[in-house]
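**Student:** just the structure for this:
(one chain, ligands or ions: 1)
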Amino acid sequence: MAQIKQIIESCKSQNWLNYQSIFWKGETLFKGGRDEELIKRFNFIRLEDIKDKIVVDIGCNIGSSCLLAVENGAKKAYGFDIEPGLIKTAQEIANELKANCEYIVADYGKLQEKVGDTIFCFAVDSYLDTEILAQNLKQYDVVYFETHGNRTNAPAYDIPDEIKREFLKQQYLGMVGTNNKRTFRLTK
Ligand SMILES: C[S@@+](CC[C@H](N)C(=O)[O-])C[C@H]1O[C@@H](n2cnc3c(N)ncnc32)[C@H](O)[C@@H]1O
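**Tutor:** This next block holds a predicted model:
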């Protein structure tokens, strides 16, 4: 869809341009650096965790995972990102596709209120105070977490200890892409 490409190309964000691909109803509407791997990561998610639920995505970028969530049955998706340009672009894309997504500028390095049922925290923990991030995530019953911090020199990134303490069940779901980010389903 030419309109989506135009919206993304006019994005005013200084960072993260062309990071995410945008998918909708089986089509790739925009190709970014993280492409098919975003679909593979999304396919790790249990449908029961999103169907008829309110899904929250922190560090949502231009909204790729929120769109996949509503397309797969979420009642609504909220996306939060610290960059106003990304949030504006994400909202324009969702409006164009008539997707029930609402994007809000927020700093998840600070305490935030619970606004949904299931939360995605993908490739963002390295930017945040992990003690505060743990407080934010523990408000949710189910967390999907893609690691993004090399804390131990282990061959793959790990979940921060502060978060491990809050979620005793850490189910490893797999790794997508060419780097060492791993995806987990965290529950208490
Ligand atoms: C590596 S990208 C990951 C994007 C997306 N979560 C994904 O995995 O496709 C990191 C994103 O986190 C956002 N971000 C960085 N610091 C943040 C903060 N303090 N609060 C909310 N979002 C933040 C960035 O603007 C960027 O969009």
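**Student:** near the ligand, which residues of this protein are found?
**Tutor:** 16, 19-20, 34, 58-59, 61, 80-83, 86, 107-109, 122-124, 127-128, 146 (CB under 6 Å from any ligand atom). In this view, the C-beta of every residue, glycine as well, is placed from N, C-alpha and C.
**Student:** for the protein, what spans make up the strands?
**Tutor:** 22-24, 27-30, 54-58, 76-81, 101-105, 118-122, 142-146, 169-175, 182-187 (DSSP state E).
**Student:** relative to Phe44, which of these is closest?
**Tutor:** Comparison of the strands of the chain against Phe44 by CB to CB identifies strand 169-175 as nearest, at 3.9 Å.
**Student:** partner strands of the closest one, parallel or antiparallel?
**Tutor:** strand 182-187 (antiparallel) (DSSP bridges).
**Student:** flag the helix or strand of the protein with the lowest per-element mean pLDDT.
**Tutor:** The weakest-scoring helix or strand in the chain, judged by mean pLDDT, DSSP states H and E, is helix 2-9 (a mean of 90).
**Student:** what does that helix contact?
**Tutor:** Outside helix 2-9, the residues within contact range by CB atoms under 8 Å, 6 or more residues apart in numbering are Asn18, Ile22, Leu29, Phe30, Ile62, Thr89, Glu92, Ile93, Glu96, Leu97.
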